[in-house]
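K.L.:
sequence and predicted structure below; questions after.
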2 protein chains.
Amino acid sequence: MDQENKVANEEGDIECYYGKDMEDRIYSQPLLTKRHNTTSQIAIVGANACPVESLDYEIIENELFKQDWRSRRTIQIFQYVLLKWAFALIIGLGTGLVGIFNNIAVENISGFKLLMTTKLMLEHKYYKAFAALAGCNLALAAAAAALCAYIAPAAAGSGIPEVKAYLNGVDAHSILAPSTLFVKIFGSILCVSAGFVVGKEGPMVHTGACIASLIGQGGSRKYHLTWRWLRYFKNDRDRRDLITCGAAAGVASAFRAPVGGVLFALEEAASWWRSALLWRTFFTTAVVAIVLRAFIQLCSTGTCGLFGEGGLIMYDVSAAKVAYSVPDILAVILLGVIGGIFGSLYNYLVDKVLRTYSIINEKGPAVKILLVVTISLLTSICSYGLPWFATCIPCPIDTTESCPNTDLSGNYKSFQCPPNHYNDLASLFLNTNDDAIRNLLSTSTTKEFHISSLFIFFIAIYCLGVITYGIAIPSGLFIPVILAGAGYGRLIGRLFDPITKLDVGLFALLGAASFLGGTMRMTVSLCVILLELTNDLLLLPLVMLVLLISKTVGDMFNHGVYDQIVKLKGLPYMEAHAEPYMKHLVARDVVSGPLITFSGVEKVGNILHALKTTGHNGFPVIDEPPFADAPELCGLVLRSHLLVLLKGKIFSRDRALSGDEVVRRISKFDFAKAGSGKGVKLEDLDIKDEEMDMYVDLHPITNTSPYTVVETMSLAKAAVLFRQLGLRHMCVVPKSQGRPPIVGILTRHDFLPEHILGLYPHIRLRK
Amino acid sequence: MDQENKVANEEGDIECYYGKDMEDRIYSQPLLTKRHNTTSQIAIVGANACPVESLDYEIIENELFKQDWRSRRTIQIFQYVLLKWAFALIIGLGTGLVGIFNNIAVENISGFKLLMTTKLMLEHKYYKAFAALAGCNLALAAAAAALCAYIAPAAAGSGIPEVKAYLNGVDAHSILAPSTLFVKIFGSILCVSAGFVVGKEGPMVHTGACIASLIGQGGSRKYHLTWRWLRYFKNDRDRRDLITCGAAAGVASAFRAPVGGVLFALEEAASWWRSALLWRTFFTTAVVAIVLRAFIQLCSTGTCGLFGEGGLIMYDVSAAKVAYSVPDILAVILLGVIGGIFGSLYNYLVDKVLRTYSIINEKGPAVKILLVVTISLLTSICSYGLPWFATCIPCPIDTTESCPNTDLSGNYKSFQCPPNHYNDLASLFLNTNDDAIRNLLSTSTTKEFHISSLFIFFIAIYCLGVITYGIAIPSGLFIPVILAGAGYGRLIGRLFDPITKLDVGLFALLGAASFLGGTMRMTVSLCVILLELTNDLLLLPLVMLVLLISKTVGDMFNHGVYDQIVKLKGLPYMEAHAEPYMKHLVARDVVSGPLITFSGVEKVGNILHALKTTGHNGFPVIDEPPFADAPELCGLVLRSHLLVLLKGKIFSRDRALSGDEVVRRISKFDFAKAGSGKGVKLEDLDIKDEEMDMYVDLHPITNTSPYTVVETMSLAKAAVLFRQLGLRHMCVVPKSQGRPPIVGILTRHDFLPEHILGLYPHIRLRK
């Protein structure tokens, strides 16, 4: 978080720290390419992962807090509650508007591109058509990559892992910065339009979180957009709530699935949840749904250019009759198993590819762009080249759609085919991803696609999906997974056609569900999202079944794709459960490093020295005689509070209490937590030499109620305490008497497997 | 929990204890009718509330646990995981079957009753018709009341508050006992058939929880149904998970709403939640959905008697076109506000009525039955008498249904009307509640009901709903609320008819949503349940809006109905947030009662004395010289573990460690927590006089990792710790040195407002 790091990041010369060295320690050892044998983790350049800061969800009950709390009037509390709802409203509005803007832009850009290609194809100018398609894709891709590489490297990728880590209490550098928001919105539009096998869903979640963070931090100081009245929310807890709302709004906006959004936030994104939040996220997603609906109604009059049936319209499969018997159930179980296997393989491959790309991306922005351009070219070749392998199919007679279709959407693309014939692969490849999914999910069109075409499509999309994630563009994982899953789902539907009564469109849907379950390992939220997408509740039992099976099968092999990416990025994510080997250890066993404590009334010089020489963020305060009979733990002070106190310069020549003066002279707003990377810095202090020997009273800013554990507390239980309460520091106190009143401080990194297994390499083997 | 209490309960002579005296104290003062001025709470006789026992979700990490954990083989862990899923499956199957049985039984009984009445009406034997109707109702009601009053008083009411309290950590006497399950199932069938304005939804939730509890406790010892291999689940944590699954299955089974069931468990029922549980509850509700579907398919061939379109079929409103504009939104907002006001008034009235009934019910089972019979008679008079006020309406020409309808279901009841006319009030009153809701929600039938009829219906149902809840029958609240809400919703739809394009059926649905939101104050789960009931996702934004408004309006006046009932029953429910005044106190301030501690190796006589003279469930163990250098806190032993240890009689003449022998001689299964009210009791011990002076080593059963707080920890933060981790005991340790190593133990009751405000009456006023 310090100045040097920030500058380094902006220059693209990124250093990464993680695990043991990340928290409360001096940032000194770049661990970028060093492979840790114990964990085989490598931090990715990209590089949203570094440096990281832990968040603190504890209520800092110091004297200032109590003063403030006592002086708070009812009107202020009312204002506070009202603001929370107002913010939820703004987040919902913002995310909804971005969602609709994204869709209109994508539909127009890629519509223009596809219409041009189709026109050239009809004139039999096949090479020109390819040049036009590939050229457009290349230009769009390069623009997206440039934005990403030069302005906000943190905007690359899905964003869901970063949001997940943030909500777990890990604030990686600039992942929610305004520049990231900007690049995420426009980069996502560009790269989806560029025909990449990527979605806008992950980026929408990230966008929602960024909007929430921007509002939660009271605007951006860098861009001179700040609001004074937002200072009510200067703490991590309120921001966490806002960002949870933002994540929910993102899903709601991407899929037009408000309930699904809430459940996504609950199941996948959030690490802490409370009942009140359910209601607030629900409100946010309701606002999103209303905004989307209003704009879709507005656009239905034709005012949004090429934005028509694509994008935000649901894939309505409710026309298909849902009636199933035993062979259908067997087919569905098969789908689930296949989904689990393909899904875990997908995760494995994505992991490998990400590791490779991280080495390539390390070489600088130009190389990043080159990689994006290469993949773009490959994608263009696939989408234009593969349809040539498909044989032309005569148009069906009983369809109501025009065939072949020269319009933007629609099932039947003419491509190179003679009149009254269509190319089924072109209907999938030379379309926006949304339209391709719609075609795959279309019901009552059993024979529309050749089995061979579906097979080629599935293989191509699977491979393209794997190699596309990790390049320097905002790239969602939902759409590639749904595309590939719907592909093999429909394929299996065709194979089972003789013995099943289920429509192939429903098979495609169940295939998408199985592959989603196999990669992302969500259950309820995916189920609801799919139901909201397809508007058919009767499918519920089948979708549930397929998700349960694919998740179970997938879990046998590896973790969900987002968990994997979080780990790969080296973000110190804390799991909800303690690792089994932690039961063999006690809290004392993992306390590390020299403990630095302050007296209740401490010399300024000592404090300054400690702040300079350590990276600790919390320091225990010990009351000694004459302020106490014997040394006793007074509480914990935070680095940020110390910096504010020192800047206020309320020093005294002699060792005496001066708490009242502090309370009088420094506003509690000065102590409010600033945004990530902001706030008073060590360099901002201007302490004169004669002040170094003066004393400062730490009592007013000491949190006298830190959570403590006895040193012999089982580490597993200490970890549960730490995680459940969302702590940043936990004090370890001695069990026996006659020793200093504190043994050490545990932070997030002390509970990480890397740290513990580093200290006790063989403990994993013990039962 | 002791024998006397149990006997007393079974004899109907119930004593109630609550609040301060409930936990870890000697049960001595019956507080039944004593009104506490500070809280104006009164414990209801009924009397599921008393006596209560706290549940303990902490992992008791004592030597035995560690031994067991070390010796556990992979196959056992696998078995354990598999069993969890198997149990979820069984709970799903069981609850689904009960749900379908309930529906078939209700449809057949009330179908028979209604057909008989209709037949007599057609023959113009009006008095006979009334006699038949009232007689049937009376008999069914009396049977239900007798079951409830004599066999299981705990089965009265909805059951949701009790399940909610259980999942909060409060095990009230016999609320999940097998007898309660039996009465809940059959009582619910009887009283729904008896035409009461009650639903089967709350009872289904309770039933699901009872089934889960029965399985979780390894069957019932009383009825000689026990399974040895269920001993894996002998702890409160696993049971809590099972019962959460059961509650979800109950909602899923009642409404055929699997996703709604999961969300209900999450939003309303559960106090603790973890991600793994989401998946398991989801699986359970999926099983329920499949069972229901299978049986409905089976019954569609006509094998289930009169069970036809009623019961478990959804109220399909998807035929209505959803298109709305500004006046519609205004009407919806109005509905929300009305729902909030009516809802909070409903809660207020239910509260008052419950207090009155508690005094009446106190007088014994006969009086209870008399009350039920009175209400039944009143209900019969209303349902038969009020339709006479309605004028006959000519049958519509354009309907596809037969009119007038002499069949069971259907919109148009003939009643006293001439041919080709129907009585609209009879269509609502002389029907099962499910069919009445279907009629109210029917779309494209705008003029079916007179405005005056809807008004009469709403008033009657509202009043009947208020006076019916609280009598000694299993009675769900959902159906009365949906009925009344749909009534005024349709009424307002009729009034807004000239200026709105929304169907009156949708208005009825929104009315039901608003009233549900106004009484129950749930949001997401209600929304999803309603969508699953009505099979129309397009309504989502409107339902969300109406729920948000009605909940907000309702919250201005009072709490949700379930919270209110929990409080009224005197169950020590712990809220997720700490009360504001707790910030003024520290943990030490609320420690009460004399602290009884044991030595690491303690005299048998001392232990026995402590067990006899106190009701404490946890005792701190202090290690003293020669086992430690200075007195230090070794940990905490539980009463139940002490009893098992004493029963094992591993005593020694001299003060020495004998831990190994304990581990060798007593199986860890003996220490597993028995079901509620079971396990070793003090009376079971047979300690001889010469054994009283012998020593017993407590170390093997001492939990060496109890959660502790320093005495100066803010009470608000201690409460958060206690609640978040689901503790039963929390040790308060001294801050300064040279004092005994433990200050006291905090339990659930120490955090209750009643206790704190009893100690510090004026603290509520302090800011």
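P.N.:
Alright, I've got the coordinates.

K.L.:
can you show me the strands along the stretch 351-500 of chain A?
P.N.:
A:393-394, A:421-422 (DSSP state E, counting those that start in this stretch).

K.L.:
all helices of the stretch 551-700 of chain A, in order?
P.N.:
A:561-568, A:587-590, A:604-613, A:639-648, A:659-665, A:668-671 (DSSP state H, counting those that start in this stretch).

K.L.:
which stretches in the stretch 651-767 of chain A count as strands?
P.N.:
Under DSSP E, counting those that start in this stretch, the stretch 651-767 of chain A gives strands at A:695-697, A:708-710, A:729-733, A:744-747.

K.L.:
surely residue A:216 meets residue A:242?
P.N.:
Yes: in this structure residue A:216 lies within contact range of residue A:242 using Cβ atoms under 8 Å: 4.4 Å. No exception for glycine: its C-beta is placed from N, CA and C like everyone else's.

K.L.:
any weak-confidence spans in the stretch 101-250 of chain A?
P.N.:
Residue ranges of the stretch 101-250 of chain A with pLDDT under 70: A:218-234.

K.L.:
secondary structure class for the residue of it found nearest chain B?
P.N.:
Closest residue of the stretch 101-250 of chain A to chain B, Cβ to the nearest Cβ: residue A:248 (10.7 Å). Look at residue A:248: counting by DSSP: H, G, I helix; E, B strand; the rest coil, its state is helix.

K.L.:
returning to what we had before: so which of the strands of the stretch 351-500 of chain A is the most packed in?
P.N.:
strand A:421-422 (a mean of 20; mean count of other Cβ atoms under 10 Å in any protein chain shown).

K.L.:
what is the rounded mean pLDDT of that strand?
P.N.:
Across strand A:421-422, the average pLDDT comes to 84.

K.L.:
how about stretch A:426-441?
P.N.:
Stretch A:426-441 comes out at a mean pLDDT of 86.

K.L.:
from residue B:487, how far off is the residue nearest to the spatial centre of chain A?
P.N.:
The centroid of chain A falls nearest to residue A:160 when counting by Cα atoms, centre = their mean (2.1 Å). According to Cβ to Cβ, to the nearest Å, residue A:160 stands 45 Å off from residue B:487.

K.L.:
how many neighbours does the nearest residue to residue A:446 once chain neighbours are set aside have?
P.N.:
Closest residue in space to residue A:446, ignoring its immediate chain neighbours: residue A:504 at 5.1 Å, by Cβ to Cβ, 6 or more residues apart in numbering or on different chains. Neighbourhood size, residue A:504 [other Cβ atoms under 10 Å in any protein chain shown]: 29.

K.L.:
quick one: residue A:504 and residue A:494 touch, right?
P.N.:
Yes: with contacts counted by Cβ under 8 Å, residue A:504 reaches residue A:494, the gap being 6.1 Å.

K.L.:
re the thing from before, to chain B, which of the strands of the stretch 651-767 of chain A lies closest?
P.N.:
So among the strands of the stretch 651-767 of chain A, strand A:708-710 is nearest, using Cβ to the nearest Cβ, at 5.7 Å.

K.L.:
which other helices and strands does the closest one contact?
P.N.:
helix A:715-725, strand A:729-733, strand B:708-710 (3 or more Cβ pairs under 8 Å, 6 or more residues apart in numbering or on different chains; DSSP states H and E).

K.L.:
which residues does whichever residue of the stretch 451-600 of chain A sits closest to chain B contact?
P.N.:
Of all residues in the stretch 451-600 of chain A, residue A:544 sits closest to chain B, at 4.0 Å by Cβ to the nearest Cβ. Shown in contact with residue A:544 (Cβ atoms under 8 Å, 6 or more residues apart in numbering or on different chains): A:523, A:527, B:258, B:282, B:283, B:286, B:289.

K.L.:
quick one: contacts for the first one?
P.N.:
Counting by Cβ under 8 Å, 6+ apart, residue A:523 makes contact with A:267, A:517, A:544, A:547, A:548, A:551, B:278, B:279, B:282.

K.L.:
one more time with 7 Å, if that's ok
P.N.:
By Cβ atoms under 7 Å, 6 or more residues apart in numbering or on different chains, the contact list for residue A:523 reads A:547, A:548, A:551, B:278, B:279, B:282.

K.L.:
now swap in the last one and tell me
P.N.:
Contact analysis of residue B:289 by Cβ under 7 Å, 6+ apart lists A:540, A:541, B:252, B:256, B:258.

K.L.:
would you mark the buried spots in stretch A:552-564?
P.N.:
A:552, A:553, A:554, A:555, A:558, A:559, A:560, A:561, A:562, A:563, A:564 (16 or more other Cβ atoms under 10 Å in any protein chain shown).

K.L.:
now do stretch A:90-106
P.N.:
A:90-100, A:102-106.

K.L.:
got a pLDDT number for residue A:99?
P.N.:
So, for residue A:99, pLDDT stands at 92.

K.L.:
that should have said residue A:286, apologies.
P.N.:
87.

K.L.:
now it. Nearest residue, chain neighbours left out?
P.N.:
residue B:544 is the one closest to residue A:286 (Cβ to Cβ, 6+ apart), at 4.1 Å.

K.L.:
any idea how far residue A:169 lies from residue A:577?
P.N.:
Using Cβ to Cβ, one gets 16 Å for the distance from residue A:169 to residue A:577.

K.L.:
higher neighbour count, those two?
P.N.:
residue A:169 (25 against 14).

K.L.:
which residues does that one contact?
P.N.:
Contacts of residue A:169 by Cβ under 7 Å, 6+ apart are A:54, A:55, A:57, A:574, A:726, A:748.

K.L.:
what sits against the second one?
P.N.:
Applying Cβ under 7 Å, 6+ apart, we find residue A:55 in contact with A:169, A:171, A:236, A:728.
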